[in-house]
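sequence plus predicted model, see below.
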Amino acid sequence: MPGLSANVKTFFWKNNPVTCQILGLCSALAVTTQVRNALVMSLALIFVTMGSNLTVSLVRNLTPGRIRMIVEVLLIATFVIIFDQILKARFYDISKELGPYVGLIITNCIVMGRAEAFAIQNRPIPSIFDGFGNAFGYGFVLMAVATFREVLGSGRFWKVQILPTAYEPCLTLVLAPGAFIGLGLLVWIGKAIAPTSEGGN
Amino acid sequence: MAPDVHPLLLLVASVLTSNILLTNFLGLCSFVACSKQVATAVGLGAAVTFVMTFTTALNWALYYLLLQRGALAWLVGPEAAARIDLEFLYFILSIAVIAAFVQLVEMIIDRFSPTLYYALGIFLPLITVNCAILGAALFMVIRKYDFVQSLCYGFGSGLGWWLVILAMSGIRARLRFANIPKPLQGVGITLLITGLMAMAFSAFTGMVKIQ
């Protein structure tokens, strides 16, 4: 069983699900205009991945191989609905801002990928750690991109002005192109620090 | 109330000005993974467009005839229906509709056109977890489109996705001869180019406006 700290370190850079395995890109870009939204999204993903990894692992011996995908999707969707309902009940304004992207966690490849690649063959406790590690790595990238975009794009952090007002916000970063370019640069840095075998064109 | 937008305008807008990939970041994973070759991009784009058009229509019916508060009036009468709100089931049922539809299409194509079946091959099952499809189904409900608008939105978003992945596969075919720094190769450069494409597409913004 991999230790928690080793696990987290691996998923920070070496095998980060976003920068190295290129999974879960959609939501990584859509919710990163503000740090607060990115944090909520990371928490959502940690909750869903741990929950779905645990349950998928618990029922792994009862699931016939042919229908395992649909079982996984339904389990993931259940956890997403739970989180979405909590968000709607307690933090309605955040829920409104995130819009469909909470629901889109269902099709986030990280969650599905961990269920398929790890939880379906492993015992419940390692599966929870695996889910946590992956989701944490995802959250790390999300926070990094969100900080970059919110600080330089609107001069604020957590909706509080931190740069002097003389700074002219770089609007492109808040808009879509900035998201793509920001993540592209992060992938570049990530791969320069920890080269992977995957590459080429 | 449905927004006052002509369905055809919505179609053009969802291809060009509010492209589901370049402005909503949906369907990115398969976009990055499958844009290496033009032939692959064409097949996947066609399959996504087809599935997206029909699942948006099916999910529209699902939401407005079964799940919305008061939608069950045709079954239990308006008073009882007003107390039933099944909206929270929309996530799980819409993904089930998409998965079932993809499975169905796969079986039909296999039965009637084996050639097409082999051409699309692995792409059909992949589509189930393409977030653009689920994204279109969720946006359609949030923006309160009516049936024809939803149909046009689904079709247009599919076309828009197809257009971008096709363009990207053409660019990447040429990049093969470019001298790119090693860590930037593959995903990194694809994302940077997508950013440039998003800038180019934002030039269409003044043409049509939705929302």
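Received the coordinates, thanks.

low-confidence ranges, chain A, go.
A:1-23, A:195-201 (pLDDT under 70).

quick check: longest helix in it by residues?
helix A:124-154 (DSSP state H).

wait, does that one contact chain B?
No - Helix A:124-154 lies out of reach of chain B by C-beta under 8 Å from any C-beta of the partner chain, never closer than 11.3 Å. From N, CA and C alone the C-beta is placed, and that goes for glycine too.

other SSEs contacting the helix or strand just after that helix?
Using DSSP states H and E, the next helix or strand after helix A:124-154 towards the C-terminus is strand A:156-157. Contact analysis of strand A:156-157 by 3 or more C-beta pairs under 8 Å, 6 or more residues apart in numbering or on different chains; DSSP states H and E lists helix A:124-154 as its packing neighbours.

check contacts around residue 82.
As the question left the chain open, I've gone with chain A. Residues in contact with A:Ile82 (C-beta atoms under 8 Å, 6 or more residues apart in numbering or on different chains) are A:Gly51.

let me rephrase: I mean chain B.
B:69-70, B:73.

in the longest helix of chain A, what counts as buried?
Across helix A:124-154, burial judged by 16 or more other C-beta atoms under 10 Å in any protein chain shown covers A:126-146, A:148-154.

likewise for stretch A:66-83?
If you call a residue buried by 16+ other C-beta under 10 Å, then stretch A:66-83 has these buried ones: A:68-81, A:83.

most distant residue from the middle of chain B?
Within chain B, B:Glu79 marks the point farthest from the mean C-alpha position, 36.0 Å out by C-alpha atoms, centre = their mean.

send me the strand or helix carrying it as PDB with only the CA atoms.
Under the criterion DSSP H and E, the helix or strand holding B:Glu79 is helix B:78-82. Extracted C-alpha coordinates of helix B:78-82, given in PDB (Å, rounded to 0.1, in the frame of the first residue of the first chain):
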ATOM      1  CA  PRO B  78     -51.300  19.400 -12.400                       C
ATOM      2  CA  GLU B  79     -51.800  19.600  -8.600                       C
ATOM      3  CA  ALA B  80     -49.900  16.500  -7.700                       C
ATOM      4  CA  ALA B  81     -47.200  17.300 -10.300                       C
ATOM      5  CA  ALA B  82     -46.500  20.700  -8.800                       C
END
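
could I get the contacting residues of the residue nearest to A:Leu173 when sequence neighbours are not counted?
Distances taken as C-beta to C-beta, 6 or more residues apart in numbering or on different chains place A:Gly153 nearest to A:Leu173, at 3.5 Å, with adjacent residues excluded. By C-beta under 8 Å, 6+ apart, the residues touching A:Gly153 are A:33, A:169-174, A:178.

how about the helices in chain B?
Under DSSP H, chain B gives helices at B:7-15, B:28-33, B:38-62, B:73-76, B:78-82, B:90-112, B:114-120, B:123-127, B:131-142, B:147-175, B:187-201.

which of these sits closest to A:Gln161?
Closest of those to A:Gln161 is helix B:187-201, at 26.6 Å (criterion: C-beta to C-beta).

only the buried residues of that closest one, if you could.
For helix B:187-201, burial by neighbour count (16+ other C-beta under 10 Å) applies to B:187-195, B:197-199, B:201.

burial count for B:Ser30?
21 (other C-beta atoms under 10 Å in any protein chain shown).

pretty sure it sits against B:Leu44.
Yes - with contact defined as C-beta atoms under 8 Å, B:Ser30 counts as touching B:Leu44 (6.7 Å).

hey, what's in contact with both of those two?
B:Leu126.

helices and strands around the lowest-mean-pLDDT helix or strand in chain B, which ones?
Least confident helix or strand of chain B, by mean pLDDT, DSSP states H and E, is helix B:123-127 with a mean of 73. Under the contact criterion of 3+ C-beta pairs under 8 Å, 6+ apart, helix B:123-127 touches helix B:38-62, helix B:90-112.

among those helices, which gets the worst mean confidence?
Ranked by mean pLDDT, the helices and strands packed on helix B:123-127 bottom out at helix B:90-112, with a mean of 86.

ok, back up a step: ChimeraX command for the buried members of the contacts of A:Gly153?
Filtering those down to the buried ones (16+ other C-beta under 10 Å) takes a single ChimeraX command:
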select /A:33,169,172,173,174,178
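
which ones, among the buried residues of stretch A:66-83, also lie beside chain B?
A:69-70, A:73-74, A:77-78, A:80-81.

need these in TSV (columns: secondary structure).
Listed next are these as TSV, based on DSSP: H, G, I helix; E, B strand; the rest coil:
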residue	secondary structure
A:Met69	helix
A:Ile70	helix
A:Val73	helix
A:Leu74	helix
A:Ala77	helix
A:Thr78	helix
A:Val80	helix
A:Ile81	helix
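
and which of the residues you listed is nearest to B:Ile20?
The nearest member of these to B:Ile20, counting by C-beta to C-beta, is A:Val80 at 20.1 Å.
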